[in-house]
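sequence below, structure please.
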Amino acid sequence: MLHAIKATLELSDPFDACIWAMASCAFFGMMHFGEVSVESRAAFNPTKHLTRKDVFLGTDLSGKSYAHLDLPSAKTAHPGEIQSVFFVAEGSLCPIAALHNLASAVPALPDDPLFSWRDRTGEIRPMIKQRALE
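As a prediction, the model looks like this:
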């Protein structure tokens, strides 16, 4: 299914890059859709939702790429507890590559939503659950 989703997207487009990063990260990170999207634009809260500064990209001692996201709020975490989700390279569906692509297609500030896109006026918008499902 991920191959089919990716094939329909133009990854240089900010909206599509965001959709792909959400799909890849949610799948490989076994994340709830609510952890990668928001209910409304006004609902985005950096203390509850992922921001760009919650992403860490690195290389392990063996030289292999990895990434982890620090979820400020997760269904499986206790209130106030940060839960980390780790990723390793996954071939053509790689969430690490999807995050790099998102950063390139949608440059943003550290406190901006991680899964965001730029509208025609250049404004950063968090990905709203309903919009992502359309």
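
who does the longest helix belonging to the chain touch, helix- and strand-wise?
For the chain, the helix that runs over the most residues, judged by DSSP state H, is helix 14-28. When contacts are defined as 3 or more C-beta pairs under 8 Å, 6 or more residues apart in numbering; DSSP states H and E, helix 14-28 packs onto helix 2-7, strand 83-88, helix 95-105, strand 116-118. Heads up, the C-betas are built off the backbone N, CA and C, glycines and all.

go with 6 Å
Packing partners of helix 14-28 (3 or more C-beta pairs under 6 Å, 6 or more residues apart in numbering; DSSP states H and E): helix 95-105, strand 116-118.

contacts for the strand or helix carrying residue 132 next, please.
Residue 132 is located in helix 129-133, with elements delineated by DSSP states H and E. For helix 129-133, the surrounding residues in contact (C-beta atoms under 6 Å, 6 or more residues apart in numbering) are 37, 39.

how about that helix: buried residues?
Neighbour-count burial for helix 129-133, counted by 16 or more other C-beta atoms under 10 Å, picks out 129, 131, 132.

repeat that for stretch 62-73.
For stretch 62-73, the neighbour count (16+ other C-beta under 10 Å) marks 67, 69, 71, 72, 73 as buried.

contacts only, for the second one.
So that's residue 69. Residues counted as contacts of residue 69 (C-beta under 6 Å, 6+ apart) are 54, 55, 85.

what's the closest of the buried residues of stretch 62-73 to residue 39?
residue 73 (13.2 Å; C-beta to C-beta).

next, format the contacts of residue 69 as TSV and append distance to residue 99.
Formatted as TSV, the contacts of residue 69 follow (distance: C-beta to C-beta, whole Å):
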residue	distance to residue 99
54	11
55	6
85	12
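
ok so, going back, which of the buried residues of helix 129-133 sits closest to residue 93?
The closest of the buried residues of helix 129-133, once distances to residue 93 are taken by C-beta to C-beta, is residue 132, at 17.6 Å.

any low-confidence regions in this protein?
Filtered on pLDDT under 70, the chain yields the residue ranges 74-75, 77-78.

count the neighbours of residue 36 for me.
25 (other C-beta atoms under 10 Å).
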